[in-house]
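Peer 1: 3D, please:
(chains A and B)
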Amino acid sequence: MSEPILQLDGVKTHFPVRSRSLFSRRASTVKAVDGVDLTLERGEVLGLVGESGCGKSTLARTVLQLVPPTAGRILFEGRDLCALSPGALRRMRPRLQMIFQDPYASLNPRMTVFDAIAEPMRAHGLAARRDVPQRVSELMERVGLAARFVRKYPHEFSGGQRQRIAIARALALGPALILADEPVSALDVSVQAQILNLIARLCRDNALTLVLISHDLSVVHHLAHRIAVMYLGRVVEIGDADQVFGAALHPYTQALLSAVPQPDPTRERRRIVLEGDPPSPINPPSGCRFHPRCPMATAACAETCPELEEKRPGHRAACLLTK
Amino acid sequence: MAALLHVDDLRTYFHTREGVVRAVDGVSFSIEPGETLGIVGESGSGKSVTACTLMGLIPCPPGRIHSGTARFNGVDLLRSSDKELRAIRGKRIAMIFQDPMTALNPYLTIGTQVVEPLRTHEACSRREARERAVAALDAVGIQDTATALKAYPHEFSGGMRQRAMIASALITRPDLLIADEPTTALDVTVQAQILELIKSRQRELHMAVLFITHDLGVVAETCDHVIVMYAGRIVEAAPASDLFRAPRHPYTRALMASLPAVRGRGEDLYTIPGLPPDLTEELEGCPFAPRCEHAADACRVARCILEEVAPHHGSACIRVQAGEL
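Peer 2: Coordinates of the predicted model:
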C-alpha cells in the first residue's frame, strides 16, 4: 500500500478557559479533541460524523494548523505539519484546502467572484498575472458557474451558487486534500443534491482526498468510503461506510443511526432515544465517555477507558462490550 | 368531525421595493382536533409565512393579507379584533419556533417565561402559577425544576431550551400547537427526544399540531397528513402514508429522489434543474413547470388547482389529474 496522505497520531487540541471569580482564578480546559489517530489513503473520502461539540470541526481546523494542537503529530505527505517553519507551512498550504459550512460568511461581501477565486492564486504566486482571468473562468466552469458572473458580488448569488464559488476557490491552488466542514447543511434538499454531485465528481476526476464533516449521516453515507464517528473529542468507531451503516458496533453509532428520521412512514422503527445531552468536554466522564448515556453500560464502563480496537477486518470500535 | 382550523384561499403578499412578493398564494387546508398536519417545502415556499399569518405575526406593512379566511372554532383569525385574538393566541393556539435562543428572552428567567402565558390569559395566583410551571417543566422532562425556574436561557443547552419553550407553549393546554421547524437547529439524537416529547404531549392534551419542516424524514415520522408547498402554493396534499408510498406531484417526486438516502452509494443524486421562481413576477401556469421534466405546453398556461386524484389525495399537477403521469 502506498504512503498515506494524512496521518494523525494522538492529536489533542485543548483550549484553556479561565473562570474568573472574585476569589479564585481556576483555569480549566476544554478538551475539544482528545487523542485522535487517523490515517487517510490517497483518493479516499472519509466521512467524519458526530453531534455538535464532539470536536469534528476543531479536528479539521487542527489539521490545517488554524488552531495549534496541544499534543500529537499530523503527518501530511510524510511531513509533520506541526514541526514546519512558518515559511515551509505556507508553501504547504496550497496542498490543503478547506470548504466551510456557511457560504454567506466565508466569502468576503466586498470582493467580486473574480477576486475571491483569484486571491489564493495571487497570494501564493501560483499563476502569472495574465493567466489569472483564464484560470478563474476555467475554475468557474468546473464548478458549474457561468463565467459571465465573474464581476458579480456574493450577495447576488443563491446559497448553492455561493457554495460553488467557495469550492472553486478551494480548487484554485490544485490541492491534494480538501476538508469540507458541513458543506451542504445550510442548503435546501434540491440544491444540496447538486452540490453533493459536484463534490463527488470533482473528487473522482481529480483524485482528491476529501474529509467530509457532517452531522447528516445520509449525506456522509452517500459520499464517503470510510466513516469515523466522534464523541466528546474521540473517535469511537471507524470503518467502511457500509460496515458502519449496516452493522454499527458502538452503541453510540447505533443510537445515532436509529435517531435519523427516515422518509418512510411504514418503516418499522426501533429507535434508541438517548437521554440527556452530551456531557461537557471540560470535565468528561470517567472510563468510556459515552457510559452515562449508554443504554448498555456496565460497571466496568465507568472505570476502564476503551481503546479503539479492530473488531472486524477494517472496522474498529472503542467499546468494552462489543466483541 | 368539524375541523378545528379551516384555512381557505389564504394569500399573504409582501409589498417591497422590488415588487409584490406573493409569499402565500391561495392556500387552503384544514386541521381536525388531535391531528398532526405537516407542511413541507424548501426555503421560500411560504410555509413559515402561512403559520405566521395565522398567528398574526406578519409585519404590516410590508405584509398584507389579500384574501382568505382562517376559521378557528368558528372565529376568523384574519378578521377578528385584537381583543378577540388575544383570547386565542398564546392560549388556544400556541407556537414554538426553530431557534429557542432567539425565541426566548435572554433577560428573563425560564420560570418567568414559562408562567407568562398563564399570567396573561388566566386569572391565576402567583403560587398556582408556580405550581403549574413546575408541573409543565416536569412534563417536558426537565429535571431539577426548582433550579430550572431560576435559570436563564443561556444556561440551558439547545435541547433544554426547546423543552422550556414547549413547556411555556403548552402550559395553557392549547387546542393547536404550531411548530415552525422545532428541531432544525438540534442534533439528531436531541431531535429524536424532542419529536417524541411533542408526540407524547400531543396525546396527553389531545391537541392538534401544525408541523412545519423542510425535512421529509421528520414529516414521515410525525405527521398524519402532509401538505407540500412550492412557490407559495400547495402542490400536493395527502395522508402521510399515501404521500410517501405514491407521491402524485412531480415536485414531490423530485424532492424525494434528491434525498441522499434513496440512491445507491456513490451514484449521482437526482437533481432538480434550475431555481425556484421569482415570486415578484406573476406566475402563469404551474409554478414548477420550468423545472419539471414532465412539463407540457398546457402546464405553462393553465392555472393549476389542487384537485383530488385519489381518495383524500390532492395534486395540483394537470398531467397527473388527466391521468398522464
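
Peer 1: spatially central residue for the chain, please.
Peer 2: Here I'm looking at chain A. A:I213 (3.1 Å; C-alpha atoms, centre = their mean).

Peer 1: hm, I was asking about chain B
Peer 2: B:I212 (2.7 Å).

Peer 1: ok, now how distant is it from A:A224?
Peer 2: 31 Å (C-beta to C-beta, to the nearest Å). For the C-beta atoms, the positions are set from N, CA and C on the backbone; glycine is no exception.

Peer 1: what secondary structure does the closest residue to chain A within the stretch 151-300 of chain B sit in?
Peer 2: Nearest residue of the stretch 151-300 of chain B to chain A: B:G217, at 3.2 Å (C-beta to the nearest C-beta). What DSSP: H, G, I helix; E, B strand; the rest coil gives for B:G217 is helix.

Peer 1: let me see the contact set for it.
Peer 2: A:260-263, B:261 (C-beta atoms under 8 Å, 6 or more residues apart in numbering or on different chains).

Peer 1: got the residues you listed as TSV, with pLDDT columns?
Peer 2: Shown next, in TSV, are the contacts of B:G217 (pLDDT from 0 to 100):
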residue	pLDDT
A:V260	85
A:P261	84
A:Q262	83
A:P263	82
B:A261	72
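
Peer 1: so which of those wins on neighbours?
Peer 2: In terms of neighbour count, A:P261 stands highest of those at 22 neighbours, by other C-beta atoms under 10 Å in any protein chain shown.

Peer 1: surely it is in contact with B:T213?
Peer 2: No: between A:P261 and B:T213 there is no contact under C-beta atoms under 8 Å: 9.5 Å.

Peer 1: hmm, back to that, ok but the residue nearest to the centre of chain B is inside a strand, no?
Peer 2: Yes: per three-state DSSP, B:I212 lies within a strand segment.

Peer 1: quick one: the closest residue to A:V211 other than its chain neighbours from A:V63, how far?
Peer 2: Among residues not flanking A:V211 along the chain, A:L179 sits closest, at 4.7 Å (C-beta to C-beta, 6 or more residues apart in numbering or on different chains). Distance, A:L179 to A:V63, using C-beta to C-beta: 6 Å.

Peer 1: between those two, what contacts are shared?
Peer 2: Common neighbours of A:L179 and A:V63 (C-beta under 8 Å, 6+ apart) are A:96, A:211.

Peer 1: where does the chain have low pLDDT?
Peer 2: Since you didn't name a chain, this refers to chain A. Within chain A, the segments meeting pLDDT under 70 span A:1-2, A:19-26, A:267-269.

Peer 1: my question was about chain B
Peer 2: Using pLDDT under 70, the flagged stretches of chain B are B:1, B:262-266.

Peer 1: and the helices in the stretch 101-250 of chain A, which stretches?
Peer 2: Along the stretch 101-250 of chain A, counting by DSSP state H, counting those that start in this stretch, helices occupy A:103-106, A:113-123, A:132-142, A:159-171, A:189-206, A:217-223, A:241-246.

Peer 1: now those in JSON lines, with mean neighbour count?
Peer 2: Shown next, in JSON lines, are the helices of the stretch 101-250 of chain A (neighbours: other C-beta atoms under 10 Å in any protein chain shown):
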{"stretch": "helix A:103-106", "mean neighbour count": "17"}
{"stretch": "helix A:113-123", "mean neighbour count": "19"}
{"stretch": "helix A:132-142", "mean neighbour count": "17"}
{"stretch": "helix A:159-171", "mean neighbour count": "23"}
{"stretch": "helix A:189-206", "mean neighbour count": "20"}
{"stretch": "helix A:217-223", "mean neighbour count": "23"}
{"stretch": "helix A:241-246", "mean neighbour count": "18"}
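
Peer 1: tabulate those helices (JSON lines), appending distance to A:V67.
Peer 2: Formatted as JSON lines, the helices of the stretch 101-250 of chain A follow (distance: least, C-beta to C-beta, whole Å):
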{"stretch": "helix A:103-106", "distance to A:V67": "17"}
{"stretch": "helix A:113-123", "distance to A:V67": "20"}
{"stretch": "helix A:132-142", "distance to A:V67": "28"}
{"stretch": "helix A:159-171", "distance to A:V67": "19"}
{"stretch": "helix A:189-206", "distance to A:V67": "25"}
{"stretch": "helix A:217-223", "distance to A:V67": "23"}
{"stretch": "helix A:241-246", "distance to A:V67": "27"}
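
Peer 1: so which of those is nearest B:T50?
Peer 2: Counting by C-beta to C-beta, B:T50 lies closest to helix A:189-206 out of these; the figure is 19.3 Å.

Peer 1: what about A:P94, how many residues close to it?
Peer 2: Using other C-beta under 10 Å, the number of residues around A:P94 comes to 17.

Peer 1: ugh, wrong one, B:V20
Peer 2: Neighbour tally, B:V20, other C-beta under 10 Å: 16.

Peer 1: for A:K152, see how far away it is.
Peer 2: B:V20 sits 25 Å away from A:K152, going by C-beta to C-beta.

Peer 1: and chain A, is the longest helix along chain B touching that?
Peer 2: In terms of residue count, the longest helix belonging to chain B (DSSP state H) is helix B:188-205. Yes: interface with chain A: helix B:188-205 contributes B:188-193, B:195-196 (C-beta under 8 Å from any C-beta of the partner chain).

Peer 1: quick one, phi psi at whichever residue of chain A sits closest to chain B?
Peer 2: Among all residues of chain A, A:P261 sits closest to chain B, at 3.2 Å; criterion: C-beta to the nearest C-beta. Backbone torsions of A:P261, given as degrees, to the nearest 10, read phi -70, psi 130.

Peer 1: SS state for B:G314?
Peer 2: Under three-state DSSP, B:G314 falls in the strand class.

Peer 1: is it correct that it is in contact with B:E236?
Peer 2: Yes: the pair B:G314 and B:E236 passes the contact test of C-beta under 8 Å, sitting 6.6 Å apart.

Peer 1: what residues are up against the residue of the stretch 1-150 of chain B at minimum distance from chain A?
Peer 2: Closest to chain A within the stretch 1-150 of chain B is B:E42: 4.0 Å, counting by C-beta to the nearest C-beta. Counting by C-beta under 8 Å, 6+ apart, B:E42 touches A:188-190, B:214, B:230, B:255, B:276.

Peer 1: same deal with B:S67?
Peer 2: Contacts of B:S67 by C-beta under 8 Å, 6+ apart are B:9-11, B:26.
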